[in-house]
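1. Here is my input; please provide its structure:
(3 chains)
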Amino acid sequence: MVLVTQMKYEESPSCTQARNKVDVILRMNELPSRHTNAVSLIAELGSESSAHGLARIVSSKGTKRRLIWTLLVIIGLAAATVQFSMLVKKYLQFQVVEVSEVKDSMPVEFPAITVCNIEPISLRKVRKLLSLPDAALKKWLEFVYKFKFGKQSAHLSSIRAFYENLGDEAEYVRHELKDFMLHCRFNKETCGGSNFTTSFDGNYYSCFTFNRGNSDKILMHSTGPENGLSLIIAVDNDNPPLGTYGVYNIHSNILHSAGVRVVVHAPNTMPSPVNHGFDVPPGYSSSIGLKAVLHTRLSEPYGNCSNSILEGSENYNNTFFTCLQLCKQRKIIEKCGCKSSDLPELPSSHSVPFCGYIKNWREMVAHPDNYPPNVYLPKLICEEHVSHEMTTDRSYEVSCKCVQPCHETTFQKSVSLSYWPLEFYQLNILQLLYNGTIAQSQLDEAYTYLSNITDEESQKEDSTMDKGYSSKEKEQAERASKLIRQNLLRVNIYLEDLSVVEFRQMPAYDMADLFADIGGTMGLWMGISVLTIMELVELIIRLIMLLFYTETRQMPEKTTLPNGVIQQQQAERRQFIRHDGLESSV
Amino acid sequence: MVLVTQMKYEESPSCTQARNKVDVILRMNELPSRHTNAVSLIAELGSESSAHGLARIVSSKGTKRRLIWTLLVIIGLAAATVQFSMLVKKYLQFQVVEVSEVKDSMPVEFPAITVCNIEPISLRKVRKLLSLPDAALKKWLEFVYKFKFGKQSAHLSSIRAFYENLGDEAEYVRHELKDFMLHCRFNKETCGGSNFTTSFDGNYYSCFTFNRGNSDKILMHSTGPENGLSLIIAVDNDNPPLGTYGVYNIHSNILHSAGVRVVVHAPNTMPSPVNHGFDVPPGYSSSIGLKAVLHTRLSEPYGNCSNSILEGSENYNNTFFTCLQLCKQRKIIEKCGCKSSDLPELPSSHSVPFCGYIKNWREMVAHPDNYPPNVYLPKLICEEHVSHEMTTDRSYEVSCKCVQPCHETTFQKSVSLSYWPLEFYQLNILQLLYNGTIAQSQLDEAYTYLSNITDEESQKEDSTMDKGYSSKEKEQAERASKLIRQNLLRVNIYLEDLSVVEFRQMPAYDMADLFADIGGTMGLWMGISVLTIMELVELIIRLIMLLFYTETRQMPEKTTLPNGVIQQQQAERRQFIRHDGLESSV
Amino acid sequence: MVLVTQMKYEESPSCTQARNKVDVILRMNELPSRHTNAVSLIAELGSESSAHGLARIVSSKGTKRRLIWTLLVIIGLAAATVQFSMLVKKYLQFQVVEVSEVKDSMPVEFPAITVCNIEPISLRKVRKLLSLPDAALKKWLEFVYKFKFGKQSAHLSSIRAFYENLGDEAEYVRHELKDFMLHCRFNKETCGGSNFTTSFDGNYYSCFTFNRGNSDKILMHSTGPENGLSLIIAVDNDNPPLGTYGVYNIHSNILHSAGVRVVVHAPNTMPSPVNHGFDVPPGYSSSIGLKAVLHTRLSEPYGNCSNSILEGSENYNNTFFTCLQLCKQRKIIEKCGCKSSDLPELPSSHSVPFCGYIKNWREMVAHPDNYPPNVYLPKLICEEHVSHEMTTDRSYEVSCKCVQPCHETTFQKSVSLSYWPLEFYQLNILQLLYNGTIAQSQLDEAYTYLSNITDEESQKEDSTMDKGYSSKEKEQAERASKLIRQNLLRVNIYLEDLSVVEFRQMPAYDMADLFADIGGTMGLWMGISVLTIMELVELIIRLIMLLFYTETRQMPEKTTLPNGVIQQQQAERRQFIRHDGLESSV
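-> Residues are numbered from 1 along each chain as shown, chains lettered A, B, ... in the order given. Predicted coordinates:
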């Protein structure tokens, strides 16, 4: 009359003879050592584990087989770990891929257009200035001529030194919008001075920006030169009096040519004509087709873009280049105590003097004998030294903490030229553009020639064309044409396409990919899931519990959780004993 | 004589005393309620399930443990669901990545080259026309001068209005290929008029397309200007009789300059010179290096490209831009009942009049007193209104249903100039190009000058060079050079490279990725596979079966499937009873 | 007194009556047939397998259910296999994605700049040569004039034939650096002849390369034209004596224009001016803004790039284009036994004659009567034939085995022009550039005019400007300006940006992705892992063992491994019998 509970992995005891043995076993179970409990817990997990292989290890009776399965599980674990670490490493690189997309139905913002005259000063104005008896410019030229400045003499004879020391006169001789911009049309409507913002540039003095960006965005819905910005500009390529020739500054790569420097940039960003501009020659109609390209960048942790406003003297959106320029200015002010006229102003630098400013030059030129002929300019030397350092070693950039903007619009340009204006229309265009004020302009001579010829023509009775003209008239017409084409230019800046190419950064490998791949990896090598890991966690908790509570002293009934299985086993055993007892009582 | 069936999850009954109880239980099992059956089915699935955790829940005896495992399974399920939905969302975005590849060994198709004269009409021909007594052009100018058109006067004085009202004379004064194209060489061989297709453009009148695309593809196997297309073009920059000056149309941004407008486009696509062209000035040899770029796009569901032929008046391949142009024309015809001369023709629009067409202008100009001086042009106003609407609001584009082509070849251009032709070769080039017909051309004067100088030179005996020349001869040579360089130009259009950059769209996340990631996700969080889901499906089917068949009334033997397990259990129990019976009989 | 072992999947035998049956079963188990063993092994695996579904198949009692589960497992297996093969196929495509990255803080290497005069020979030198009584050039012209060469006459009258036959005189008449490069400034410092390397080009004769690349890399840390390379070049656009006009070669697309051809290429790579260059016209200051683009390519198995040095006559880094050029030269030498002057030299080809070389032309021109008037040039015909073949069929490229370099730097160019030099500075610039040697140059005349005017001016007392000048003086000033602007040009080549755009190829799908996806796939469809596969492997091994060892003859105790489970079962059964025996003995 024996009842046997056949429990998995426990050898079945015999029916009656085994009763004593069973009792012994039960007693052992009732007073288990910690060690036995831990082993059984692990064995239980192993046998029940959803992790492939673990059950095999525990269930394997043969030592060799168990060994092999253990080895396989370890290899699987190692492989999973290796691949797991590869995946995490891949994730932590935060690599990005660029997805490019052509966006067709997005309105395109018209860029800001900055136009500067390549010759920074108006020679006509300089001539006028020099004719005045007490022009500071004359004294300045005398000063530069009389004294010696060593290596700094190149700077002293430059446009920048002129500005640094004769601010007012430099302001006077620079180009003005009203003389410069003869005609402006945008999107089939006339535009004027109010659409332009004047700014100062160290290399080109006056620069005029269309669509500076403070007002509303100009969204374009149409393409082609008829719907773009069309400017007619007079470059003031003054025809100098014969026989007066200027000094060519061989140290400058950008001066002494005629035309305008144009920068196409995003609204609200600072233009850098010298770096990012392109030239447009006079005598031609330049056709500048644009294609908008949008760059969208990711911020932390994939990248480090920023959309902040830069703290220059004017508020501009962040671009990497502008940020660096401002940083350079900051370094120079820090190290030399003066600012550079080549770099943009900082809000704090308005009271800081220019590095090239010579305080007492008027005094020096008035009484040259009181001063040594060699002038030493420590601040200028400092500026040149720091500038040179920054152009040969970019390590200072680290401290600038400049980052790319998160959204940046650039424009691909295609520049082409056509001969303009045609001789046939030259008289009429002068009449239209100057509208009576031609006498004050440098094209007065050309206009006189052309109108003379026309007048004579209308007086003549025979219209025997061409042949009837004297050689002198031909010559004058040609000279007029030359003068006009040396001075006037037309620029058409337009969108070629309303499609915007967007380059968008995307995480190459994001969290979802990582999780899926980890799942795949663990599944591949081990057949385990998060719940399998939970099984292991449960085991560990139970093992820890075992360490703290000595279960032998407690009543089995009370040890419900966390070792419910043990309780269950024990309950079964108690029942068994009870049955046994009942049976024996029978 | 006790028999005990130790069934998992069922408490083991006692050996002998429990027999009655067992009988009761067995009877209960033989007559199970629906509820019991369902519970046992679920319990069975749980215990046998390959889903990690489920077995744990069912096997856990302790309520707390069971609760925790249930919680863990639910959390795992939730996490899996969340990630699963993320993956599906990611898939349903149908995102694409662009793979760029440099293809080296692919033959490159030579593009179509469309060339237009920037001045749409030949001034020489206009002069000839005006000398005729009954030229309609004269009357038209009179009409435009006499009447007032309000805001439409800008249009009336334009080239387009001239074409719309004086079709025949406009056809006559436009440039012809034979005068325009003086020399053509392609791939080291001479080409001629048969290689060009003439088309009409609203802005430039005559445009000539090389390699229009109807015939065989021209595949290029070599690079450089010697193997490209070289054109020598006369822009007919007519030297007007001195003293006759034209009216400069300040409302046009593209007129009044000399040169040609060149479009490089894929064969079989419609060129848009005004939007996609670039200018080439006379007096220069323009070097236009091309690099082919191939865009391959995906169709549904990743994109919406189309390779269809557009239904314009001529058959062109689909491009987004052309599709929009045709759509705009369709809108104008719909709304105004007339077509625009600025947009391409539709096959159905041949009989539709132009919006700028004034039916009775000849009558009006003949008897101006019969008509009010202010002319109201409702159709033209309508066209201008609709056009303006479309350039300020792009919402109409939605109804156009224009899509990008699936395969598009574009060409990156690099345009540069050199001074051409050198004075040294000018006489010879005139002889070669005009070959006796110089008298009819506008370069007659230049040729006369140059040949006179050469003749005089050969008559002279002393070859004292240069110095011997009179000022007049120098002047004439210079004037000849100027005339030649104002009129002639050379364009070399060639491939810089035979490498094609292909931008190919690829699904960023395709079905295979989704499946693999779902597998990974489910494996990661739940340890379940499709087969585990099948287990669940089986359970559900069996539960449904249970609802429809009342199993209590059926013999257990007959309930083989789908509740085979129950049958098995019952079979065991029956056997058990039988054994019991046998035993009791003993 | 019955003991029952309730074993999973074994029907429970009855307590006492079943003993005989059990004995039979046990006897069967003790003497198992091979077949029984194999079946039980598979059943064991099935029941224990961690592969979802397998356990279901084995455990299912109902045939239909088993069938369905088998079907489901097969479907899962098939789906997994299909997807698995898709994944492997995807991996084996070794597709790459291009990741583009803007690198901000990387120093940018300044490119090599190659400058060639578009007119290959100096007309001034040719004139000088022709004035010598025994110039070979005269005889050569006579030879070309006297004899006929059929289709080869175009070649014979070309620049290349001149070089091939009159090497020494061709060397003499080509442009020299000292006449060509008047002024050079780089990064604010003067540069000179030592910075340039002279090379020969078939189309342009002399080309001068700045930063050829043999010395140290020039790393740029600053942008803008002031920090770039600025060259002032005299194109030697000789003002020929009036009345002498040259022969225009209508078969050439590149000759007869004035200017320079500029190539911007990576240092240490071979320039190809005709293919990759752009033109710069005289009379203008050309502004060439560069942006560096870096291409990094993957080698095998993802791509086939190579960083090797090409074995030309000079050592250049591998580029696809140069490799092809060298390959073409090799083919021509192979097939015709002579080299082409249009292609770069090979190290082995120095002694090979040019294909256009005519051995006895001096003899022929001396005694023309001894030779037939039609000259047959088989080698030249062969060269032209092979060249033509290679430009119409690119299949030869396969045998060249040319590959892209692994690292390639290209430069995006933006070319623009401004009018230069301004008339106001023309006298001074001549003085600065020629510094006393003006008399030998072609600008002597211009200088004389300008200095005459200035001298007269300074002699005059009244400074009534302009108006006081005679028409002749004006004319001379204009002629001087024209001469200067026909001959001089300035090129500014600079970096627009220090940001480098790097296009880096990345494996689109690497080994780690494959493994993770395989794991996901197998987990998804089958719920199996590598360890599950190991279970299968174990089964197969055990089945194989079974084939070799007849287990029936062995004692069960000895069959520990690989069928430990069977041993365990048998052990249990033995114990059972023992118990039984014990019991029976009671």
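2. Disregarding flanking residues, what is the spatial nearest neighbour of the residue of the stretch 301-450 of chain A found nearest chain C?
-> Going by CB to the nearest CB, chain C is nearest to A:T391 of the stretch 301-450 of chain A, at 3.7 Å. Quick note: C-beta positions are derived from backbone N, CA and C, even for glycine. Of all residues not flanking A:T391 in the chain, C:S222 sits nearest, at 3.7 Å (CB to CB, 6 or more residues apart in numbering or on different chains).
3. give me the number of residues near that neighbour?
-> Residues near C:S222, counting by other CB atoms under 10 Å in any protein chain shown, number 20.
4. Residue numbers of the stretch 351-500 of chain A in contact with chain B?
-> Applying CB under 8 Å from any CB of the partner chain, one finds that the stretch 351-500 of chain A approaches chain B through A:414-429, A:432, A:450, A:453-454, A:456-458, A:463, A:465-466, A:469, A:471, A:473-475, A:477-478, A:490, A:492, A:496-499.
5. Could you tell me which of these count as buried?
-> Buried members of those, scored by 16 or more other CB atoms under 10 Å in any protein chain shown, are A:414-429, A:432, A:450, A:453, A:457, A:469, A:473, A:475, A:477-478, A:490, A:492, A:496-499.
6. If we check chain C, which of those residues are in contact?
-> Within these, those near chain C by CB under 8 Å from any CB are A:415, A:417, A:475.
7. Touching, the second one and B:P281? I think so.
-> Yes: the pair A:L417 / B:P281 is scored as a contact, 4.8 Å apart, by CB atoms under 8 Å.
8. Give me the sheet partners of the host helix or strand of A:T198 and which way each runs.
-> If you go by DSSP states H and E, A:T198 is part of strand A:196-201. Strand A:196-201 has its sheet partners listed here by DSSP bridges as strand A:205-210 (antiparallel).
9. shared neighbours of A:L417 and B:P281, anything?
-> A:284, B:259, B:417 (CB atoms under 8 Å, 6 or more residues apart in numbering or on different chains).
10. need the contact list for the first one.
-> It refers to A:Y284. A:Y284 neighbours (CB under 8 Å, 6+ apart): A:417-420, A:489-490, B:257, B:281.
11. Can you pull the phi and psi angles for it?
-> As for A:Y284, its main-chain torsions (degrees, to the nearest 10) stand at phi -140, psi 160.
12. what's the answer for the second one, then?
-> Note on B:G259: its backbone torsions stand at phi 150, psi -170 [degrees, to the nearest 10].
13. you'd agree it is up against B:L489?
-> Yes: assessed by CB under 8 Å, B:G259 is found in contact with B:L489 at 7.0 Å.
14. any residues in contact with both of the two?
-> B:235, B:280-282.
15. Which one of the residues you listed sits in the busiest neighbourhood?
-> B:V280 (28 neighbours).
16. so where do the strands sit in the stretch 151-300 of chain A?
-> Using DSSP state E, counting those that start in this stretch, the strands found in the stretch 151-300 of chain A span residues A:181-186, A:189-190, A:196-201, A:205-210, A:219-220, A:229-234, A:260-265, A:278-280, A:284-296.
17. that older thread, what's in contact with the helix or strand the residue of the stretch 301-450 of chain A closest to chain C falls within?
-> Following DSSP H and E, one finds A:T391 within helix A:378-392. Residues from elsewhere that reach helix A:378-392 (CB under 8 Å, 6+ apart): A:151-152, A:155, A:328, A:331-332, A:335-338, A:340, A:342, A:355-357, A:396, C:187, C:221-222, C:227.
18. I'd like the average pLDDT over it.
-> If you average the pLDDT over helix A:378-392, you get 86.
19. Does chain C have contacts with the helix or strand following that helix?
-> Under the assignment DSSP H and E, the closest C-terminal helix or strand after helix A:378-392 is helix A:397-400. Yes: counting by CB under 8 Å from any CB, chain C is contacted by helix A:397-400 at A:397-398.
20. Following element in sequence after helix A:397-400, please.
-> Assigned by DSSP H and E, the successor of helix A:397-400 is strand A:407-419.
21. picking that back up, could you export the helix holding A:T391 as PDB, CA atoms only?
-> Coordinates of each C-alpha in helix A:378-392 appear next as PDB, following Å, rounded to 0.1, in the frame of the first residue of the first chain:
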ATOM      1  CA  PRO A 378      52.700  97.000 -31.800                       C
ATOM      2  CA  LYS A 379      48.900  96.500 -32.000                       C
ATOM      3  CA  LEU A 380      49.000  96.000 -35.800                       C
ATOM      4  CA  ILE A 381      51.900  93.600 -35.400                       C
ATOM      5  CA  CYS A 382      49.900  91.700 -32.800                       C
ATOM      6  CA  GLU A 383      46.800  91.500 -35.100                       C
ATOM      7  CA  GLU A 384      48.900  90.300 -38.000                       C
ATOM      8  CA  HIS A 385      50.600  87.800 -35.800                       C
ATOM      9  CA  VAL A 386      47.400  86.400 -34.300                       C
ATOM     10  CA  SER A 387      45.700  86.400 -37.700                       C
ATOM     11  CA  HIS A 388      48.700  84.500 -39.300                       C
ATOM     12  CA  GLU A 389      48.700  82.000 -36.400                       C
ATOM     13  CA  MET A 390      45.000  81.400 -37.000                       C
ATOM     14  CA  THR A 391      45.500  80.800 -40.700                       C
ATOM     15  CA  THR A 392      48.300  78.300 -40.200                       C
END
